[in-house]
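Engineer: Build me a model from this:
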Amino acid sequence: MPVKCCFHRSPTTETTVCSENMDTLLTNQAGLDAFRTFLKSESSEENVELWLACEDFKETESAEKIASKAKMIYSEFIEADAPKEINIDFSTRDLISKNIAEPTLKCFDEAQQVIYSLMAKDSFPRFLKSEIYKKLVNSKQAGNHKKWLPFL
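Structural biologist: Numbers count the residues shown, from 1 in each chain. This next block holds a predicted model:
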């Protein structure tokens with residue numbers, strides 16, 4: 001469950017707590033936009049794009065839309081030589097390939113978890129050290145430090 005920061009208590013305490021939480025980043029539009037820009041600079045934006053597509057997919061209610069969205073996600077991110085092919089292991093890719101004929105709302109969960117872990121362990125720590133993140137922090141800390149900062 002995502003944790004959201006409520007108020008900016010101090011420049012160090014709250015920023016440190018929240019910056020360690022990728023869930024908070026992914027639920028905050030300014031943080032997400034900055035993270036996407038960072039991933040694009042590293043040529044790995046397909047990771048967050050898959051994660052977002054899977055989150056949207058999980059909210060799908062009609063069977064027809066489940067099937068069409070599943071095929072779109074599969075052809076865009078999962079299948080070999082997909083335009084935005086993600087880096088997942090063979091067994092995960094194979095399982096999805098077998099289940100895509102009759103997709104469920106959970107058919108991409110394993111791939112989404114693999115990509116989330118990759119971003120959390122690899123991309124996110126580098127993002128926190130990046131100039132893009134520093135600019136985000138500076139823009140959010142300008143002015144009144146007591147204003148609501150949902151990400152920072």
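
Engineer: Report the buried residues of stretch 27-38.
Structural biologist: Thr27, Asn28, Gly31, Ala34, Phe35, Arg36, Thr37, Phe38 (16 or more other C-beta atoms under 10 Å). C-beta coordinates here come from the backbone N, C-alpha and C atoms, glycine included.

Engineer: again, but for stretch 60-80
Structural biologist: Thr60, Ile66, Lys69, Ala70, Ile73, Tyr74, Glu76, Phe77, Ile78, Glu79.

Engineer: Out of the buried residues of stretch 27-38, which sit inside helices?
Structural biologist: Thr27, Gly31, Ala34, Phe35, Arg36, Thr37, Phe38 (DSSP state H).

Engineer: can you tell me which residues contact the most centrally placed residue in the chain?
Structural biologist: Computing the C-alpha centroid of the chain and ranking residues by C-alpha atoms, centre = their mean puts Val48 first, at 4.0 Å. Residues in contact with Val48 (C-beta atoms under 8 Å, 6 or more residues apart in numbering) are Leu26, Leu32, Phe35, Arg36, Leu39, Met119.

Engineer: Quick check: it vs Glu102, distance?
Structural biologist: 28 Å (C-beta to C-beta, to the nearest Å).

Engineer: and if you look at Asp109?
Structural biologist: On the measure of C-beta to C-beta, Asp109 and Glu102 end up 15 Å apart.

Engineer: repeat for Lys135
Structural biologist: 46 Å.

Engineer: what's the answer for Asp81, then?
Structural biologist: Taken as C-beta to C-beta, the span from Asp81 to Glu102 is 24 Å.

Engineer: These two: which has the busier surroundings?
Structural biologist: Glu102 (10 against 5; other C-beta atoms under 10 Å).

Engineer: does that one count as helix, strand or coil?
Structural biologist: Three-state assignment for Glu102 (DSSP: H, G, I helix; E, B strand; the rest coil): coil.

Engineer: what sits against it?
Structural biologist: Glu102 touches nothing, counting by C-beta under 8 Å, 6+ apart.

Engineer: Now for the residue nearest to Val114 when sequence neighbours are not counted, which secondary structure element holds it?
Structural biologist: Nearest-residue entry for Val114: Ile88, 5.1 Å, with adjacent residues in sequence omitted and distances by C-beta to C-beta, 6 or more residues apart in numbering. Using DSSP states H and E, Ile88 sits within no helix or strand.
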